[in-house]
Structures are given as C-alpha cells and as structure tokens.
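# Predicted model follows, preceded by the sequence.
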Amino acid sequence: MITIDNLSKKYRSTVAVDHVSFTAKEGRVTGFLGPNGAGKSTSMRMMVGLTKPTTGTATIAGRRFADLPNPGLEVGVMLDASAQHAGRTGREILTIAQQTMGVPARRVDEMLDLVSLTATEAERRVGNYSLGMRQRLGIATALIGNPGVLILDEPANGLDPAGIRWMRDLLRDFADRGGTVLLSSHLLSEVEIIADDIVMIGAGRIVAEGSKADLLRGVGSLVGTADLGALRRALHAAGHDTSVSTDGTVSTDAEPAVVGQLALAAGVPLTHLRTAEGGLEDRFLELTADTARERTAA
C-alpha cells in the first residue's frame, strides 16, 4: 500500500504540489492522472525520496522509501526510462540491479524473458535502444527484486499496440496477485481499461478521487422527448447545459432524477431517460478543465 498524507512541495513562490492525500491499495491499479504540469511527476519523485517534501509524508507499507533497508525488494520504480546509462548494455543494467539488491543471478534472464528482450538486444548498448525497448528494460529493472509495489510514470510510452497490450496484462496480473500499482499515464483509454481506482490532480491539488466505477457514474443524462424546445428551456432555466444529437436525443449535465422532475413541472412528456455513459477522457477533461493549458482555446 502507498499512503500519501498532506504532501506538498513549494519552490520559492511556486506551489508544485498542494496538500495531496490519497491511498493506493493492495490488489488494485490506481491511475494517477492530470494535465502537464499538474504535479504528478513531482508527487511521484517525493514518494521515492528523489525530492524532499515541503510538508507531509509518503509511505510504502507504512515506511518512507528512504527508511526501507533494500527498497528494490519492496517497491519497483520507473519514473524515466530514458535515464538509463546509455553506455551499458541491457544485461549490464539488470545485473547491476540484481547485485545491488542481492537477488539470485537467474533473475536477470528471467526478467529479460518476461519483458521480451532477446539475447541479442540484451547485449546491445542502451544508447542504441528504441524508446519502447528502454521501457521494457525499465520494467524489468523495477520487477527484478520481486517487489509488492510498483510506481510507474508513463510505462507504455513508446510501445506499439502489441506492447501496450502486453504492459496492460502484466500490470493487471501483478495487481491480481495482490500487488499495488500506481500508474501515471496520458493514455486515458488504457488507464480506463486497467485501473480500479483513479486519482486526478490539477494545479497541484486533487480534483477527483475514487473508484473508476464511481467517477464514471452519474455524468449526466440522455433524454428523448417530442418537444425538444420545451425540455431544453426547462433545463436551461434551471442552470443545466444541453445539446442535441442527430437522432434528436438531448444530452444534459443534469442527473436523470433532476431531468424527470423538471420535465414533470414543465409538462413535457419524455420518451426515454437514462444516465449518460461518459468515458474517462470526457470525465478527465471536465474535471481538469480549469487547470489545462488548452482551457482558453476550448
């Protein structure tokens, strides 16, 4: 389990992370989402002791990363796959990690096989790796100590569709076996498939937190009526936005119960009424609209 409590980071007059608190639980994949510059990477760096918090704590299984006697055996970390030593081979990178953690030498070949790096690729210098190969090596390094927690920043970056599917299955299996996964990614469609819980951050603060099912539930209504004008006027008068699709269905941010009450009061008969099934991308854009760089254009 990862527990973040009142975590903040301030650089002079700039607040990068502002009193963030959440928990990533065992047996679950937690998606950590936010626009560029929202504070995700800074938060993750504080979790693993690379950046000192201004306030608050980040603990893994009840202890700070810096207090873990052999961190790689308890938490696997990949924050920047491109940070690997370009002059070493993939096998050398893994061997250094294996020897540092004190795990059996066979783990090197086991990890190379797990991430599908061939014997030839393992002997190649990392500087000649593609981004996708670096990602695979980074995952291998994070897993070589057989940890119970993974903290990953954009792990699918640079992977082709088959690689993304492989990554998804790997992380899902890790969580299903009781592991904790904290995953930051801009591939919202992938996060929507794999994540159990979602934490969204904007301008350094959490803007939404909860299970994926709860966050994607109740994102408005789809309504059918023979009197579109009257229904939309009633909804607009109550402060709700509406739009009409090509088939005449009204989409609104009002919940179904509210739509029903307003339609009844206005004497507007409805032909159908149901909750809109919004995706993670729509929910993300809605909740982070005030902190996204593109908000003016939008």
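Great, that's in hand.
# Just grab the bridge partners of the residue nearest to R124 when sequence neighbours are not counted for me.
Spatial nearest neighbour of R124, chain neighbours left out: T89 (6.2 Å); criterion: CB to CB, 6 or more residues apart in numbering. For every residue, glycine as well, the C-beta is placed using N, CA and C. Bridge pairing for T89 (DSSP bridges) gives the partners R125.
# just checking, T89 touches E123?
Yes: the pair T89 / E123 is scored as a contact, 5.3 Å apart, by CB atoms under 8 Å.
# ok, those two, which is more surrounded?
Taking other CB atoms under 10 Å, T89 and E123 do not tie; T89 has more neighbours (19 against 11).
# what's near enough to touch that one?
Under the criterion of CB atoms under 8 Å, 6 or more residues apart in numbering, the neighbours of T89 are 122-126.
# Just the endpoints, please. Distance across stretch 200-214?
Stretch 200-214 stretches 13 Å from its first residue to its last (CA to CA, to the nearest Å).
# go on, stretch 150-158?
Using CA to CA, the span of stretch 150-158 from its first residue to its last is 19 Å.
# List the contacts of R233.
By CB under 8 Å, 6+ apart, R233 lies in contact with A266.
# and it, which of the three is it?
Using DSSP: H, G, I helix; E, B strand; the rest coil, the structure places R233 in helix.
# Give the buried residues for stretch 10-24.
Within stretch 10-24, the residues that count as buried by 16 or more other CB atoms under 10 Å are 15-18, 20, 22, 24.
# Filter those residues down to the ones in strands?
Members of those lying in strands (criterion: DSSP state E): 15-18, 20, 22, 24.
# low-scoring stretches of the stretch 151-298 of the chain, by residue?
Applying pLDDT under 70 to the stretch 151-298 of the chain picks out residues 217-219, 277-278, 290-298.
# make it 50
296-298 (pLDDT under 50).
# So which residues of it form strands?
180-184, 197-202, 205-211, 221-225, 242-244, 250-252, 270-275 (DSSP state E, counting those that start in this stretch).
# Reformat those into TSV and put mean neighbour count and distance to Q261 next to each item.
Output for those, formatted as TSV (neighbours: other CB atoms under 10 Å; distance: least, CB to CB, whole Å):
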stretch	mean neighbour count	distance to Q261
strand 180-184	25	40
strand 197-202	24	30
strand 205-211	17	26
strand 221-225	21	12
strand 242-244	14	16
strand 250-252	20	13
strand 270-275	13	11
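# any chance of these in CSV, with distance to D153 too?
Shown next, in CSV, are those (distance: least, CB to CB, whole Å):
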stretch, distance to D153
strand 180-184, 5
strand 197-202, 13
strand 205-211, 18
strand 221-225, 36
strand 242-244, 36
strand 250-252, 35
strand 270-275, 34
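# excluding its backbone neighbours, what's nearest V259?
Ranked by CB to CB, 6+ apart and with sequence neighbours excluded, the top spatial neighbour of V259 is S221, at 5.0 Å.
# so that neighbour sits right up against L270, yeah?
No: when contacts are counted by CB under 8 Å, S221 is not listed as touching L270 (10.2 Å).
# okay, and the common contacts of the two?
V259.
# related to what we said a few turns ago, I'd like the contacts of T89 laid out as a markdown table, including distance to L73.
Compiled in a markdown table, the contacts of T89 are given as follows (distance: CB to CB, whole Å):
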| residue | distance to L73 |
| --- | --- |
| A122 | 23 |
| E123 | 27 |
| R124 | 28 |
| R125 | 28 |
| V126 | 24 |
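# from the residues you listed, which single one is nearest T51?
V126 (24.7 Å; CB to CB).
# Let me see the ranges of the strands in the stretch 1-150 of the chain.
Using DSSP E, counting those that start in this stretch, the strands found in the stretch 1-150 of the chain span residues 2-11, 14-24, 28-33, 55-60, 63-64, 75-78, 149-153.
# Ok, which of the ones you listed comes nearest A254?
With distances scored as CB to CB, the stretch of these nearest to A254 is strand 28-33 (25.5 Å).
# Need the mean per-residue confidence for that closest one.
Mean per-residue pLDDT for strand 28-33: 95.
# which secondary structure elements does that strand contact?
Where contact means 3 or more CB pairs under 8 Å, 6 or more residues apart in numbering; DSSP states H and E, strand 28-33 is packed against helix 40-47, helix 161-176, strand 180-184, helix 188-194, strand 197-202.
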